[in-house]
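Asks: could you work out the structure for the sequence below:
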Amino acid sequence: MLYLPDALNILLKNSFDGVVVFNQNLELVAMNEASKEIFLLEDDCLKNSPIFELLPLNPDLINVFRQVIFGESLQIKSQSFRKSKTRLKTYFHLNLCHYTSPDGTNLGLMIVKDISESVYKEHSITKKRLKDALKAFDFGNDRLKHIINSCEELIMAIDTQFHITLYNHHFKNYIFQKTGLQIHIGSHLLKIFEAFPEEQQRIKARWEKVLKGENLQMIDQEIINGEIFYLDSNVNLVKNQEGKIIGGSQITRDITKSKHAEQQLKDSEAQKSALVHAFPDMIFQLDYEGRIIDVSDNNELIPYPNTKMVGRNVLDFAIPKKIKNRFLNLIAQAKNSQEVAFYEFEIPMFRQSHVFETRFINSGENRILVIVRDITKRRYEEHKVKELLSQAQLLNENLETQNQKLAQQEEKLAQVNLHLRQQNQTLEQAKDDLLHSQNQLQETLKTLEERNFELDQFVYKTSHDLRSPLSSVLGIIHLLNIEPDAERIPEYINRIEGRILRLDDFIQSMLHYSRNNRAEAKIQLIHLDELVDECLEDLKFYKNFDQVEINSQIIVDDTDFCSDLLRLKIIFANLISNAIKYQDFDKTQRHINIIVQAKKEKIVFSIDDNGIGIAPEYLENIYNMFFRATEASEGSGLGLYIVKQTIDKLQGIIQIKSEGLGKGLQVQVEIPNLKV
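Replies: Got it, this is the predicted structure:
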């Protein structure tokens, strides 16, 4: 069970912010109640759970959390998550730092600050305005629903930016059948037709004319689901009470049946009379002079029986002169162009005035069809839509005035919030600085403990390894003084030489250790073949150098390799000298194979020998200071320790493998290319 100190337990129990402790496997070690509230966790049995499965953290941060385990301190801002569709988002900031437990375990500490309240306060102005705007729309919308949805026509309206502000269910169904899209209040009319560029441009040109002040009436032929439809549309400008343009409205009627009847009237003379009487609108057949040839039975608009109308000229009836002249012009226009001519006029009738729409069609053989439709109801609906749109605009303008006053108050509140955030940031910075100082202090204490231990070991081993050869030399000198046999003097001298060489080897190790720890890195271009040759030349007179076969191979590409020459010499010399020193003299053929392979990003230096090897149980300790893996060793026990420290300085890695005593050793070192 991992032991957490009192200071960390106090932080877990009393912090208002969330505190999460995780291990090097990114598993949960501890979590306070504030963290559970922030992340909406209810289960108490959470320990050892992977934190990226337990908490709503971005998976891209996994490598960042691993860096924290190895000593990094980081800040991560603007994280958020939503527990469910019914909950608001939770916003939070993270402070990450490294922590080492009393038993030496590397941990990560995550401080979680819930900033949701401040985020939603910052957004409160926008949200309130949106809410008020929706209320204003609903006020007008409720009054419009009954009117526009009870109409058979397709009704819609837009603002000056082409956003839909009103529509009935007939228009919604029309858009869905035509485009496959569902519309809503606020939909952009032109974007709805993005998949139909020609249609989009036609609609844009039409509405641009209307918004410049031109009211339009047109008949469009459209193909929907493979069927041909004819749509009669009135597109009008909408202004508010002050005369300001606020958008436009469109009322469209499906006249497909009427259009088919017109076509049949034109195509089949034999059926004209029957169709005229069956047509839902009132239809006159005139000759080119304006005399009435036939009148449909649907004569509810004119207070004359059909029998008194047939044979008379339309100019004989009591209608305004202006309308009579317009009729003659339209008859002439239809006669000459054979196109549909439109005319709309208003006539006072009984209790109210009626508005009529007329169409003049050349049907051939000295005949003009005049189709008369009462559009009084449609004009009333258009007027009502304009009126309600104007009221909605007025409400929006009043709402904008209220929002401006509210915005001033909220701006003052925002300034207060800004001051509070600044104070909070100051406190957060002070907290971060304190946490950073604590981390630095822990690192310093840890480093000091390691250095004290190394110093104790160093002083003890140095005094021992310096005195041991000297004591041996003094003992041999004493034997020389009392030795009567002069022939044994060379033997004693050889022994003295061996002890002095051992002392020299130890002193060389001390120098390597000192240089590695104190010397500044000096990056320069390295010639690897020269480096290996120089190391072998320095070891040429090393004991038993000539007793082993040394093979070297340098593989270099075109990339320049840069590193610290002094430290590379320490690494190469120590590893090669170890291979020479620990030959297996029980073998008749002894070899050392050296391979240096240079790549763009690193070099790989490997030594393979058939020496005495190392017992597997000692491999994990070989980098410790003064450790000796065999009693046969006469070295200082610093060689591989110095090699490991030097490789770490160069940001490299080392691997040593051995299958056991008498089975040789395989060493591989990777040093990165420090070329700038």
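
Asks: contacting residues around Tyr288?
Replies: Ile331, Lys335, Asn366, Ile368 (Cβ atoms under 8 Å, 6 or more residues apart in numbering). For every residue, glycine as well, the C-beta is placed using N, CA and C.

Asks: biggest separation within the residues you listed, which pair?
Replies: Largest separation among the contacts of Tyr288 by Cβ to Cβ: Ile331 and Asn366, giving 11.3 Å.

Asks: the two - which one has more neighbours?
Replies: Ile331 (21 against 12; other Cβ atoms under 10 Å).

Asks: list the buried ones in the helix or strand harbouring the more buried one?
Replies: Using DSSP states H and E, Ile331 falls within helix 321-337. The neighbour-count check on helix 321-337 (16 or more other Cβ atoms under 10 Å) flags Ile323, Lys324, Phe327, Leu330, Ile331, Gln333, Ala334, Lys335 as buried.

Asks: most widely separated two among those residues?
Replies: Using Cβ to Cβ, the pair of the buried residues of helix 321-337 lying farthest apart is Ile323 and Lys335, separated by 18.6 Å.

Asks: restrict the helix holding Ile331 to CA atoms and write it as CSV.
Replies: Output of helix 321-337 as CSV, limited to C-alpha atoms (Å, rounded to 0.1, in the frame of the first residue of the first chain):
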residue,chain,number,x,y,z
LYS,A,321,-63.2,54.2,-67.5
LYS,A,322,-59.6,53.6,-66.3
ILE,A,323,-60.4,49.9,-66.0
LYS,A,324,-62.1,49.8,-69.5
ASN,A,325,-59.1,51.3,-71.1
ARG,A,326,-56.8,48.9,-69.4
PHE,A,327,-59.0,46.0,-70.6
LEU,A,328,-58.7,47.1,-74.2
ASN,A,329,-54.9,47.3,-73.9
LEU,A,330,-54.7,43.9,-72.4
ILE,A,331,-56.9,42.4,-75.1
ALA,A,332,-54.6,43.9,-77.7
GLN,A,333,-51.5,42.7,-75.9
ALA,A,334,-52.9,39.1,-75.7
LYS,A,335,-53.9,39.2,-79.4
ASN,A,336,-50.5,40.3,-80.6
SER,A,337,-48.1,38.5,-78.3
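
Asks: who touches that helix?
Replies: 286, 288, 290, 314-315, 339-341, 343, 345, 347, 358, 360-362, 368.

Asks: got a list of what Leu88 touches?
Replies: Counting by Cβ under 8 Å, 6+ apart, Leu88 has contacts Arg82, Ser116, Tyr120.

Asks: any idea whether the residue lying closest to the last one once chain neighbours are set aside is helix, strand or coil?
Replies: Leaving aside its chain neighbours, Tyr120 sits nearest to Leu88 (7.3 Å; criterion: Cβ to Cβ, 6 or more residues apart in numbering). Reduced to three states with DSSP: H, G, I helix; E, B strand; the rest coil, the structure at Leu88 is coil.

Asks: same question for Asp294.
Replies: When the rule is three-state DSSP, Asp294 gets the label strand.

Asks: top helix in this protein by residue count?
Replies: For the chain, the longest helix by residue count, based on DSSP state H, is helix 376-482.

Asks: from the chain's centre, how far out does it sit?
Replies: On the basis of Cα atoms, centre = their mean, to the nearest Å, helix 376-482 sits 21 Å off its chain's mean C-alpha point.

Asks: and if you look at stretch 10-23?
Replies: Computed by Cα atoms, centre = their mean, the chain-centroid distance of stretch 10-23 equals 29 Å.

Asks: can I get it as CSV, trimmed to CA atoms?
Replies: Taking Å, rounded to 0.1, in the frame of the first residue of the first chain, the C-alpha atoms of stretch 10-23 are listed here in CSV:
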residue,chain,number,x,y,z
ILE,A,10,-4.3,17.5,4.5
LEU,A,11,-4.4,18.9,0.9
LEU,A,12,-6.8,16.1,-0.1
LYS,A,13,-9.1,16.7,2.8
ASN,A,14,-9.3,20.5,2.9
SER,A,15,-8.7,21.8,-0.6
PHE,A,16,-11.7,23.6,-2.2
ASP,A,17,-10.2,22.7,-5.6
GLY,A,18,-10.1,19.1,-6.9
VAL,A,19,-7.0,17.1,-6.1
VAL,A,20,-6.1,13.9,-7.9
VAL,A,21,-3.0,11.8,-7.3
PHE,A,22,-2.0,9.3,-10.0
ASN,A,23,0.9,6.8,-10.5
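
Asks: what residues are up against the nearest residue to Ile647 once chain neighbours are set aside?
Replies: Computed as Cβ to Cβ, 6+ apart, the closest residue to Ile647 that is not its neighbour in sequence is Ile654, at 5.2 Å. Under the criterion of Cβ under 8 Å, 6+ apart, the neighbours of Ile654 are Val643, Lys644, Ile647, Val667, Gln668, Val669, Glu670.

Asks: let me know the closest of the residues you listed to Lys600.
Replies: The closest of those, once distances to Lys600 are taken by Cβ to Cβ, is Glu670, at 13.2 Å.

Asks: buried residues, whichever helix or strand the closest one is part of. List them.
Replies: Using DSSP H and E, Glu670 sits in strand 665-672. For strand 665-672, the buried set under the neighbour-count rule, 16+ other Cβ under 10 Å, comprises Leu665, Gln666, Val667, Val669, Glu670, Ile671.

Asks: farthest pair in these?
Replies: Pairwise over the buried residues of strand 665-672, using Cβ to Cβ, the maximum falls at Leu665 and Ile671, 19.3 Å.

Asks: in which helix or strand does Gly660 reside?
Replies: With DSSP H and E as the test, Gly660 turns up in no helix or strand.

Asks: ramachandran angles for it?
Replies: With angles defined as degrees, to the nearest 10, Gly660 sits at phi 140, psi 180.

Asks: do Ser101 as well
Replies: According to degrees, to the nearest 10, Ser101 has phi -70, psi 160.

Asks: excluding its backbone neighbours, what's nearest it?
Replies: Nearest residue to Ser101, sequence neighbours excluded (Cβ to Cβ, 6+ apart): Leu107, at 5.9 Å.

Asks: same check, this time on Pro672
Replies: Lys602 (4.9 Å).

Asks: and Lys663, how far is that from Asp584?
Replies: Per Cβ to Cβ, to the nearest Å, Lys663 is found 9 Å from Asp584.
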